[in-house]
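**Student:** Any chance you can model this:
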Amino acid sequence: MTVSSLVSATLLGALASTAAADSRPTGVERTGRAVEKATGTTGLLTAPTQGNAFPANSSGRILLATGIGEQISMGMPETKDTLGIRTGAGTTVYPNATSGADFAVQPTTDGARTLIVIKNSSAPKEYTFDLGLPQGAQVKPLPSGGLLVVKDRMPLGILESPWAKDANGNPVATAYRMEGNQVVQTVAFNESTAFPVVADPNWKAIAAAFKKVGGFAKAAAGSYSDFKKWFDGLNPWVRYPLKAVMPGMSLYDLWWHLNH
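**Tutor:** Numbers count the residues shown, from 1 in each chain. Next comes the predicted model:
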């Protein structure tokens, strides 16, 4: 091989190696892909809807609309302030926001998903989300494992039942508990878990649906039998949408949590 051929071959090899390195996904891209694989992209928007907002940095607070003019804020469980970077599909990733984990937020048609992306077995197993509630609002644990936010006998929104998935899509045990106005999510991974694990608190605003139904708060203030009679007397085109926004809740669950 001539000297010129050798130099050309070396340059071509170096360029090929550089191109291959450049084509490898960044950490943010890997996190975005892991999140979107776990959640799918159905219902995922490229920007938050009115009343919802995501912070530029992980130390900021997520603003969540209720649909009736009030907002709930949520702090992410960060230990390191990092800049959020948005993927093409709409997921905002906050890389390395805490030891062993990234955080991500996705805008959805009816709220927002906040996601924990746990990268290895040395990461924490508990993550705390601080809630800022409207005055007079309360958080009520649901039998399904989700959390209902209520105010003045009006359901404002729901943190749906928590879930977590490993890298193969298998479920990982997870649960919420309340400590004051803080939601603590526990994710029970171990050394043999396939990482990354994606875990999800998903906020769904539901107040607007109930606000549209005249007499709801008054009916909810009565006995359960009267409330059920009132509800069953609604037109089906009203009942069915209300049931659709009550994931993990029976009608009795809803009435009980509005009155206790």
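**Student:** For V117, what is the enclosing helix or strand?
**Tutor:** strand 111-118 (DSSP states H and E).
**Student:** which strands and helices sit next to that strand?
**Tutor:** When contacts are defined as 3 or more C-beta pairs under 8 Å, 6 or more residues apart in numbering; DSSP states H and E, strand 111-118 sits against helix 27-39, strand 61-65, strand 101-108, strand 182-187, strand 197-200, strand 202-205. All C-beta spots, glycine's among them, are computed from the backbone N, C-alpha and C.
**Student:** give me the number of residues near K80?
**Tutor:** When counting by other C-beta atoms under 10 Å, one arrives at 12 neighbours for K80.
**Student:** and it, helix, strand or coil?
**Tutor:** coil (DSSP: H, G, I helix; E, B strand; the rest coil).
**Student:** for it, what are its contacts?
**Tutor:** The neighbours of K80, taking C-beta atoms under 8 Å, 6 or more residues apart in numbering as the test, are 58, 96-98.
**Student:** Most neighbours among those, please name it.
**Tutor:** Within the contacts of K80, neighbour counts (other C-beta under 10 Å) peak at S58, which reaches 25 neighbours.
**Student:** residue contacts, it?
**Tutor:** Counting by C-beta under 8 Å, 6+ apart, S58 touches 76, 78, 80-82, 84, 94, 97, 103.
**Student:** Buried members of those into PyMOL, please.
**Tutor:** The buried subset of these, as determined by 16 or more other C-beta atoms under 10 Å, is captured in PyMOL by this line:
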select buried, resi 76+78+82+84+94+97+103
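**Student:** Farthest-apart pair in the contacts of S58, please.
**Tutor:** K80 and G84 (12.9 Å; C-beta to C-beta).
**Student:** What is the nearest of the contacts of S58 to L254?
**Tutor:** L254 lies nearest to M76 out of the contacts of S58, by C-beta to C-beta, at 29.0 Å.
**Student:** Verify the stated contact: the closest one with T92.
**Tutor:** No - with contact defined as C-beta atoms under 8 Å, M76 does not reach T92; the gap is 10.8 Å.
**Student:** quick one on the thing from earlier: what's the lowest-pLDDT member of the contacts of S58?
**Tutor:** Across these, the smallest pLDDT goes to E78, namely 87.
**Student:** Please list all residues in contact with it.
**Tutor:** 58-59, 94, 97-98, 103.
**Student:** Distance-wise, check it relative to F195.
**Tutor:** The gap separating E78 from F195 is 20 Å, by C-beta to C-beta, to the nearest Å.
**Student:** likewise L159?
**Tutor:** Note on L159: its distance to F195, by C-beta to C-beta, is 24 Å.
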